[in-house]
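Visitor: Please work out how this folds:
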Amino acid sequence: MGATGPTPSARCPAPGGRAETGNLGDAPAGPAVRLRWTAALLLLGCVAPLSAQDGATDAGAREAVVRSFLTSYYDALSDRDWPRFAAHFWPGATIGTVWQPPGEPAPRVDLQTVATFVERAPEGPGSKPIFEERMLDAEVHVRGNLALVYARYRARFGDENDVTEWEGLDAFTLLEHQGEWRITALTFASD
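Guide: Below is the predicted model:
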């Protein structure tokens, strides 16, 4: 750093075992002092990776919580327990897909509130005796209190004589607030 800042000798003891500036004081830098400095630097080098590991462990734990939450979501949906299903969403959350309503000439984007989805459920998942949707796998990304999830699912729908099965993708945006995860948006598509 030369004339504009500390020189290398300002940070290290001089060859005679004494510091050249006040940074390390005027105390002799004998073997015991050097050993303490070496131990302190090694300790600092070990603490940083542990902190990063703790962060990774915390992220892994938070991902596990989100996966467990989604399993609960799919259980409520498959059970057609609409109050329990709705409790997985924050107020104002949306559910969206592309579909072609009966009588319309072409598919369209359909965005609806959770309340509207539940109100229409007897015409959809509630209209046949068999309905089940289960998560097959999920790609979960958690950053702070936000989670983004792509979840592959398998669905079954029909009656004892005719059951249709298909797979699809759910894209979830979840938000954690006051220790509670809930869905803010769900967009889904069948394969």
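Visitor: what are the pairing partners of the helix or strand hosting Glu139, and which direction each?
Guide: Using DSSP states H and E, the element containing Glu139 is strand 130-143. Using DSSP bridges, strand 130-143 pairs in its sheet with strand 146-159 (antiparallel).
Visitor: avg pLDDT for the partner strand?
Guide: The predicted model assigns strand 146-159 a mean pLDDT of 97.
Visitor: Pull the residues that contact it.
Guide: Contacts to strand 146-159, defined as Cβ atoms under 8 Å, 6 or more residues apart in numbering, come from residues 62-63, 66, 70, 74, 125, 128-141, 163-176, 181, 190. Bear in mind the C-beta positions are built from the backbone N, C-alpha and C, glycine included.
Visitor: Give the buried residues for stretch 78-86.
Guide: 78, 82, 85-86 (16 or more other Cβ atoms under 10 Å).
Visitor: again, but for stretch 129-136
Guide: Across stretch 129-136, burial judged by 16+ other Cβ under 10 Å covers 131-133, 135.
Visitor: Any figure for the gap between Ala151 and Ser78?
Guide: 14 Å (Cβ to Cβ, to the nearest Å).
Visitor: Now do the most centrally placed residue in the chain against His177, distance only.
Guide: Using Cα atoms, centre = their mean, the residue of the chain that lies closest to the mean C-alpha position is Val142, 2.0 Å off. Separation of Val142 from His177 (Cβ to Cβ) stands at 14 Å.
Visitor: Good, we can wrap up now.
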